[in-house]
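Enquirer: Generate a structure from the sequence data that follows.
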Amino acid sequence: MDGLFSFVNQYISTESLVTLTVLSLVFFVGSLIAIPIILVRLPADFFDIRVPRPWMKDHHPVLRLIGHIVKNAVGAIFLFAGFLMLFLPGQGILTMLIGVSMLDFPGKRKLEAKMIGQPAVLHAINGMRQKFGKPPLVIAPDP
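Expert: Now for the predicted structure:
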């Protein structure tokens with residue numbers, strides 16, 4: 001074990017390893033708290049591509065622009081954290097799904113529908129929603 005630690009320590013400092021460990025724990029605990037809260041609060045038709053999803057349409061254009069910038073920045077953080085959680089402890093796929101749903105890019109709705117339409121992901125989310133008395137998510141049928 002000492003040999004492995006000294007080998008890793010040649011390339012990564014002890015402070016970096018401690019920082020990565022702490023970040024891993026923070027992402028893990030944060031995802032355990034945030035993911036269920038977010039997924040339970042979503043409307044049942046949130047991932048249905050047949051339903052339009054306007055965001056802040058009745059707000060002042062400057063406020064809407066600032067809101068979009070903040071939403072995309074938070075989405076990028078969730079996407080990056082979800083990617084890290086694929087290798088570190090945490091709910092990587094669900095965190096990435098939340099990050100993607102917060103970002104704005106062409107084809108986003110179809111990508112979301114494909115990700116959420118995976119049977120294991122949809123079953124996990126609907127099971128979580130059922131525990132809190134929320135209806136299951138509605139997904140558009142494949143054309």
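Enquirer: So, low pLDDT: which residues of the protein?
Expert: Within the chain, the segments meeting pLDDT under 70 span 1, 5, 88-90, 142-143.
Enquirer: And the next helix or strand past the helix or strand harbouring L32?
Expert: In this assignment (DSSP states H and E), L32 forms part of helix 14-41. Of the helices and strands lying after helix 14-41 in sequence (DSSP H and E), the nearest is helix 61-85.
Enquirer: residues in contact with that next one?
Expert: 23-24, 27-28, 30-31, 55-57, 59, 90-104 (Cβ atoms under 8 Å, 6 or more residues apart in numbering). (Glycine included, C-beta is placed from N, CA and C.)
Enquirer: Repeat that for stretch 127-143.
Expert: Contacts of stretch 127-143 (Cβ under 8 Å, 6+ apart): 36, 39-40, 42, 44-50, 113, 116-117, 122, 125-126.
Enquirer: Try it again at 7 Å.
Expert: 36, 39-40, 44-50, 113, 116-117, 122, 125-126 (Cβ atoms under 7 Å, 6 or more residues apart in numbering).
Enquirer: what does stretch 28-42 give?
Expert: With Cβ under 7 Å, 6+ apart as the criterion, stretch 28-42 contacts 85, 89-91, 94-95, 98, 125, 128-129, 132, 134.
Enquirer: Show me those residues that map onto helices.
Expert: Per DSSP state H, helices hold the following members of the contacts of stretch 28-42: 85, 94-95, 98, 125, 128-129.
Enquirer: Could you export those residues to a markdown table, including columns for neighbour count and distance to Y11?
Expert: Formatted as a markdown table, those follow (neighbours: other Cβ atoms under 10 Å; distance: Cβ to Cβ, whole Å):
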| residue | neighbour count | distance to Y11 |
| --- | --- | --- |
| M85 | 21 | 22 |
| L94 | 24 | 31 |
| T95 | 26 | 27 |
| I98 | 22 | 32 |
| I125 | 21 | 39 |
| M128 | 15 | 39 |
| R129 | 19 | 43 |
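Enquirer: In TSV: those residues, plus distance to I66.
Expert: Putting the ones in helices among the contacts of stretch 28-42 into TSV (distance: Cβ to Cβ, whole Å) gives the following:
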residue	distance to I66
M85	29
L94	27
T95	24
I98	21
I125	30
M128	31
R129	31
